[in-house]
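> sequence-free structure coming up:
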């Protein structure tokens, strides 16, 4: 049975941590932050879920998605790194400028690499935290 204050804290802080993690991810290729830090912040939100709801509920909700997220993140990161070969060398960044009305969206391979790292960090750290929170009743009477 989880404590009432943890469930209340979970409802308030988890969305804030998730949005902060996405913010760190989005600003990371130009400023401090990026996929790794953003992934750690989102994994912190998942840890708060584990503490407040229990590991079984979180494992049932997101456990089956962790390995596919890990694989997709690895594919995106290695694809972004390998796409630099088209520009001459491995990890060479390629930038596209997409006009959207009066604005121009500039997106490149570093953003996709950060996205891959973001997904891998979320999946690995969440998987690790779920493994740590699993109760093993063999050792306790």
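Nice, I can see it. The structure displayed is predicted, hence computed values, not measured ones.
> quick check: mean pLDDT across stretch 5-23?
Across stretch 5-23, the average pLDDT comes to 92.
> now that stretch, how far from the chain's geometric center?
The chain centroid and the centroid of stretch 5-23 are separated by 14 Å, computed with Cα atoms, centre = their mean, to the nearest Å.
> and it, what's buried?
Across stretch 5-23, burial judged by 16 or more other Cβ atoms under 10 Å covers 10, 14, 17, 18, 20, 21. Every C-beta, even on glycine, is put in place using the N, C-alpha and C of the backbone.
> what's near enough to touch the fifth one?
Under the criterion of Cβ atoms under 8 Å, 6 or more residues apart in numbering, the contact partners of residue 20 comprise residue 41.
> where does it sit: helix, strand or coil?
helix (DSSP: H, G, I helix; E, B strand; the rest coil).
> and it, how far from residue 13?
From residue 20 across to residue 13, the span is 10 Å (Cβ to Cβ, to the nearest Å).
> in the protein, which spans are strands?
Assigned by DSSP state E, the chain shows strands spanning 95-100, 103-108.
> before we move on, back to that, out of the buried residues of stretch 5-23, which comes closest to residue 65?
Proximity of the buried residues of stretch 5-23 to residue 65, judged by Cβ to Cβ, is greatest for residue 18, which lies at 15.2 Å.
> right, I'll call it a day here.
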